[in-house]
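# here is a sequence together with a model predicted from it:
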Amino acid sequence: MTPTAIPVKVPFLDLKAQYHSIKLEIDAAISQILESSQFVLGEEVAGFEREFAAYSGAAQGIAVNSGTSALHLAFLAAGIGSGDEVITIPHTFVATVAAIRYTGARAVYVDVDPASFTMDPAKVEAAITPRTKAIAPVHLYGQPVDMDPILEIGRRHKLVVVEDAAQAHGAKYKGRPVGSMGDLACFSFYPGKNLGAYGEGGMVVTGNAEYARTIRMLRDWGQERKYHHVLPGYNYRLEGIQGAILRVKLRYLEKWTEARRSHAARYRALLADTGLGLPAETPGTRHVYHVYAVRTREREALMKRLNEQGIQTGIHYPVPVHLQPAYADSAWGRGSFPHSERAADEVLSLPMFPEMTEEHLQAVSQALHGR
Ligand SMILES: Cc1ncc(COP(=O)(O)O)c(C=O)c1O
């Protein structure tokens, strides 16, 4: 009797495999914080701020407790508040819009370019009103936004540009790192992100010293010095343990990013004949494939088949923000942003993580081919 091959199961991502590949360094970094007792902010966080800001081509980094907090404080530092409008896209994670709302401002949407899933620069100018204060493009899935025309519109209309780079650590646009182009840029270190903490984390990076000073105060109760509160602030500080872990992991990020890019190239070759819409890499950019989203009109059936074969998938995101009950705005209903709405109906995220093997990639391909 020939033994039957055990089908390869493919998780959506494998944080445990990554931990085991760097366990000794991570455990030492955590122990060091336990010994120093610098549990909140501290030297490791400060070191990580310097290193990650440099990696992102920015002068300063201010670490906070999530990507959402980073966006909230970036908007506040830029002076955005009640009565203001911020232009963004509806095909994003809800946090982009939630952070705009936290300031009292209104999110105004422009549709995405269907090839890149990012802000269509040609639509931005028509969305500007006398109340517009900022533009918040999102480097969705790790694909850099076409920034030059957006930066030019920002300059011409005196608008602040805040990059939502939560999904795009290490991505590049015409050789410039994501994070170095807008007035401010915000990253998330949620565990599943390309650079993930072992808990929550985020950072604002900026070249503007005044914004940096304000954000440093806002994340720590608006204190100029201990118990001298000059701004109504927040408790948004990053934990020392997360800073120490992220510092270790940052040293591996380029290697992990190259692994993601090589898996994406392999998917492109393996899936070329499936009829699926494969992610387009905009020329002149470095896509970092936080999410590998394909397009299909048979999403439910494909998800079911993959799931039955032990292959996990995801949908990023099934409902665009303008159609979410919590963020409804009478200005927009179904049909307002057709490319975003169609993306929400068609995108399917395949497994993507640096530790994927050729076996994993083959198993996904075979399942998608119906074999
Ligand atoms: C595009 C985008 N913006 C903002 C966020 C918020 O980041 P966090 O989950 O760290 O608050 C996320 C992550 O979940 C995201 O994907």
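Done, it's in. Residues are numbered from 1 along each chain as shown.

# residues contacting the residue lying closest to residue 319 once chain neighbours are set aside?
Once flanking residues are discounted, residue 319 sits nearest to residue 344: 5.9 Å by C-beta to C-beta, 6 or more residues apart in numbering. Bear in mind the C-beta positions are built from the backbone N, C-alpha and C, glycine included. Taking C-beta atoms under 8 Å, 6 or more residues apart in numbering, we find residue 344 in contact with 91, 317, 318, 319, 320, 323.

# hmm, try it at 7 Å
91, 317, 318, 319, 320 (C-beta atoms under 7 Å, 6 or more residues apart in numbering).

# assign it to helix, strand or coil.
helix (DSSP: H, G, I helix; E, B strand; the rest coil).

# before we move on, what about residue 130?
coil.

# what's the local residue count around it?
5 (other C-beta atoms under 10 Å).

# just the helices in this structure please.
According to DSSP state H, the chain carries its helices in the segments 15-21, 23-36, 43-55, 67-77, 95-102, 147-156, 209-218, 240-250, 253-270, 299-308, 338-346, 358-368.

# any idea which of the ones you listed gets closest to residue 185?
helix 67-77 (7.8 Å; C-beta to C-beta).

# what inclination does the closest one have with respect to helix 209-218?
120 degrees (axes from the mean of the first three to the mean of the last three C-alpha atoms, to 10 degrees).

# who does helix 67-77 touch, helix- and strand-wise?
Identification of packing neighbours for helix 67-77 by 3 or more C-beta pairs under 7 Å, 6 or more residues apart in numbering; DSSP states H and E yields helix 95-102, strand 160-164, strand 184-188, strand 202-206, helix 209-218.

# sorry, back to before: tell me the spacing between the residue nearest to residue 319 and the ligand.
14 Å (C-beta to the nearest ligand atom, to the nearest Å).

# what distance do you get for that residue to residue 141?
Note on residue 344: its distance to residue 141, by C-beta to C-beta, to the nearest Å, is 14 Å.

# got a list of what residue 139 touches?
118, 145, 163, 164, 165, 167, 168, 171, 178.

# correct me if wrong: the fourth one contacts residue 140.
Okay, so that is residue 164. No. Using C-beta atoms under 7 Å, residue 164 is not in contact with residue 140; the gap is 8.3 Å.

# for the ligand, give me its nearest residue in this structure.
residue 67 (2.5 Å; C-beta to the nearest ligand atom).

# excluding chain neighbours, what is closest to that residue?
residue 188 (2.6 Å).

# quick one: pLDDT of the one you found?
Note for residue 188: predicted pLDDT of 98.

# tell me the bridge partners for it.
Per DSSP bridges, the residues bridged to residue 188 are residue 202.

# check contacts around it.
So residue 188 contacts 66, 67, 166, 202 (C-beta under 7 Å, 6+ apart).

# mind putting the residues you listed into TSV with neighbour count and pLDDT?
Output for the contacts of residue 188, formatted as TSV (neighbours: other C-beta atoms under 10 Å; pLDDT from 0 to 100):
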residue	neighbour count	pLDDT
66	23	98
67	27	98
166	28	98
202	29	98
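
# residue 250: neighbouring residues, count only.
Applying other C-beta under 10 Å, I find that residue 250 has 19 neighbouring residues.

# that one touches residue 195, doesn't it?
Yes. Using C-beta under 7 Å, residue 250 makes contact with residue 195 at a distance of 6.4 Å.

# number of residues surrounding residue 222?
For residue 222, using other C-beta under 10 Å, the count is 15.

# ok, which residues in the stretch 1-150 of the chain are in contact with the ligand?
Selection of the stretch 1-150 of the chain residues close to the ligand by C-beta under 6 Å from any ligand atom yields 66, 67, 68, 92, 93, 95, 96, 138.

# nearest spatial neighbour of the fifth one, skipping sequence neighbours?
The shortest distance from residue 93 to any residue that is not its chain neighbour, by C-beta to C-beta, 6+ apart, is 6.4 Å, and that residue is residue 317.
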